[in-house]
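*Asks:* Generate a structure from the sequence data that follows.
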Amino acid sequence: MPPVALRSQVPGSVRSDVREFNDRLVVWVEVDATDRKGALTSESSSIIEHAAVTARTKGFPLVGVLRSSGADIVEGFGALHGWGRAAKALTECSGVVPTVLVVDGPAVSGPALLLGIADHVVLTDAAYAFVSGPTMVAEFTGVVIDNDELGGAASHSRYSGAATLVAPDLDAAIEMAGAILAYFPQHNDEEPPRWPTDDDISRQTPEAGALIPASSTGSYDVRSVIRALADDGDMLELRPRWAANVVTALTTIGGMPVGVVANQPLALAGTLDIPASQKAARFVATCDAFNLPIITLVDTPGFYPGKDLEWRGMIRHGAQLVFAYGRATVPRICVILRKSYGGAYIVMDSKEMGNDLCLAWPWAELAVMGAGQAAAILQRRATPEQRAAFEADYTQRLLNPYIAAERGYVDAVVDPAETRQIIGEALLMLIDKRERLAPRPHDNTPL
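*Replies:* Alright, predicted model coming up:
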């Protein structure tokens, strides 16, 4: 169908329509940077507001292409008022319809904040975004910095986490936006679309277990485990450069879209820190909002220790991940690949957090801490031989997954080769899962 324009006669730098995008209807809104660098007048912002309202009320995903220098200085306060209404309308879309913003130029001041509201943001190499620009930074701090270093695509993909993905140009960015949306339903009252696949859901995956080193301290790329379990080895990793110690990815198993959260031993040994907790929490909340089952692959020795992390709010930010899993109502399957220690055991969707199925591989270690850490505390004055004997006994008696299984903390200890089949069958069993939510106007998310 040809695009259906929305408020096409309103003057300004913004245009919007309803169009077909990758065989689905979306509301498309685009800011034209050739018109005074995309400055948003009250009229322009009203089109963004109307597009967001149309997307929410009609149940269409919202896709925006943003290039804006901010609210129109010439118009003054009216422009700020219009931007505020647009921001509120986009906020009301959150958790109702998927929202993806593509930035292919400036996103400065108010428009930059829209990136934090959207579900996903794709930046091109030409994009830059910040609330306060280089001139303000230099005036207030004395630091001279350019647009790219302050808010370019590389900075947002590595340091701030604002970029979900980075593309070389606009065409590639739009293609990435379509790839993301392919895993999500039109709106929160639909199930995600099933993908066609010839990959047998009962396919054995011995290669997944073969990836795990014999040493409990050896590293490996958990993305290879995800690919082994996924249909046809395909996955779409989101925010790959930010908080690399946790992997968040979209994939399918038996044609069913799922979200995967996995500790990454290649980065910080898979420990959890503030960025990793924020990244995983946001991803879990997004999957929960749009009915994507969550697969959690656990291999972590715990939270990363440090005074700096504690002072910056490790408690609050670690609680974000606890909170996200605790309120998620979609099907949730946890697989303990190797280590699962301490508080990180709890927050990585443990049985106590309410997952639907908890699996462990035969060499998995579940405990308050590892044998070496326990010996350092309990055997401080022991000889090396005594400490070695303590560690061996501790490992045999307390770390193996069968102890946890006896107590009901693990549903099954499984052969890695059978993991994909068990997950696939569990997803089919849980496809009609529903939870009745307690009536309350708001929760109080830790921020």
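
*Asks:* what pairs with the helix or strand that contains residue 66, and is each one parallel or antiparallel?
*Replies:* Here residue 66, judged by DSSP states H and E, is contained in strand 62-68. Partner strands and pairing direction for strand 62-68 (DSSP bridges) are strand 25-31 (parallel), strand 99-108 (parallel).

*Asks:* Now it: average pLDDT?
*Replies:* Across strand 62-68, the average pLDDT comes to 95.

*Asks:* contacts for the helix or strand following that strand?
*Replies:* The helix or strand immediately downstream of strand 62-68 is helix 77-93, counting by DSSP H and E. Helix 77-93 is contacted from outside by 39-46, 48-50, 52-53, 55-56, 62, 71-73, 99, 110-111, 113-114, 117-118, using C-beta atoms under 8 Å, 6 or more residues apart in numbering. The way it works is simple: take the backbone N, C-alpha and C, and place the C-beta from them, glycine included.

*Asks:* Need the strands paired with strand 62-68 in JSON lines (columns: mean pLDDT).
*Replies:* Below are the strands paired with strand 62-68 laid out as JSON lines (pLDDT from 0 to 100):
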{"stretch": "strand 25-31", "mean pLDDT": "96"}
{"stretch": "strand 99-108", "mean pLDDT": "95"}
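
*Asks:* Please name whichever of those is nearest to residue 318.
*Replies:* Judged by C-beta to C-beta, the one of these that comes nearest to residue 318 is strand 99-108, at 26.9 Å.

*Asks:* Distance from the chain centre to whichever helix or strand comes after the closest one, please.
*Replies:* As assigned by DSSP H and E, the chain's next helix or strand after strand 99-108 is helix 110-117. Relative to the centre of its chain, helix 110-117 is centred 17 Å away, using C-alpha atoms, centre = their mean, to the nearest Å.

*Asks:* what do you get for stretch 22-40?
*Replies:* Put simply, stretch 22-40 sits 25 Å off its chain's centre (C-alpha atoms, centre = their mean).

*Asks:* The closest residue to residue 8 other than its chain neighbours: neighbouring residues, count only.
*Replies:* Distances taken as C-beta to C-beta, 6 or more residues apart in numbering place residue 15 nearest to residue 8, at 7.2 Å, with adjacent residues excluded. Using other C-beta atoms under 10 Å, residue 15 is surrounded by 20 other residues.

*Asks:* before we move on, what about residue 432?
*Replies:* Number of residues near residue 432 (other C-beta under 10 Å) recorded here: 8.

*Asks:* middle-most residue in this protein, spatially?
*Replies:* The chain has residue 283 as the residue nearest its centroid, 2.7 Å off, counting by C-alpha atoms, centre = their mean.

*Asks:* Quick one: the strands paired with strand 62-68 as a markdown table, columns for distance to residue 292 and mean neighbour count too.
*Replies:* Output for the strands paired with strand 62-68, formatted as a markdown table (distance: least, C-beta to C-beta, whole Å; neighbours: other C-beta atoms under 10 Å):
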| stretch | distance to residue 292 | mean neighbour count |
| --- | --- | --- |
| strand 25-31 | 18 | 24 |
| strand 99-108 | 15 | 25 |
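
*Asks:* Next, format the ones you listed as CSV and append distance to residue 291.
*Replies:* As requested, those are exported to CSV (distance: least, C-beta to C-beta, whole Å):
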stretch, distance to residue 291
strand 25-31, 18
strand 99-108, 16
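
*Asks:* quick one: which of those is nearest residue 226?
*Replies:* Residue 226 sits nearest to strand 99-108 of all the strands paired with strand 62-68, at 22.4 Å, using C-beta to C-beta.

*Asks:* Helix 77-93 and that closest one, what's the angle between them?
*Replies:* Per axes from the mean of the first three to the mean of the last three C-alpha atoms, to 10 degrees, the angle that strand 99-108 makes with helix 77-93 is 150 degrees.

*Asks:* hey, what's the residue nearest to residue 8 bridged with?
*Replies:* Beta-bridge partners, per DSSP bridges, of residue 15: residue 30.

*Asks:* contacting residues for the closest residue in space to residue 184 that isn't next to it in sequence?
*Replies:* Leaving aside its sequence neighbours, residue 184 sits nearest to residue 98 (C-beta to C-beta, 6+ apart; 4.5 Å). Taking C-beta under 8 Å, 6+ apart, we find residue 98 in contact with 61, 62, 119, 120, 180, 181, 184, 185, 187, 290.

*Asks:* Let me have the residues you listed in JSON lines, extended by neighbour count, secondary structure and distance to residue 424.
*Replies:* Below are those laid out as JSON lines (neighbours: other C-beta atoms under 10 Å; DSSP: H, G, I helix; E, B strand; the rest coil; distance: C-beta to C-beta, whole Å):
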{"residue": "61", "neighbour count": "25", "secondary structure": "coil", "distance to residue 424": "27"}
{"residue": "62", "neighbour count": "27", "secondary structure": "strand", "distance to residue 424": "32"}
{"residue": "119", "neighbour count": "23", "secondary structure": "coil", "distance to residue 424": "26"}
{"residue": "120", "neighbour count": "22", "secondary structure": "strand", "distance to residue 424": "26"}
{"residue": "180", "neighbour count": "20", "secondary structure": "helix", "distance to residue 424": "23"}
{"residue": "181", "neighbour count": "22", "secondary structure": "helix", "distance to residue 424": "24"}
{"residue": "184", "neighbour count": "26", "secondary structure": "coil", "distance to residue 424": "20"}
{"residue": "185", "neighbour count": "20", "secondary structure": "coil", "distance to residue 424": "20"}
{"residue": "187", "neighbour count": "19", "secondary structure": "coil", "distance to residue 424": "26"}
{"residue": "290", "neighbour count": "25", "secondary structure": "coil", "distance to residue 424": "20"}
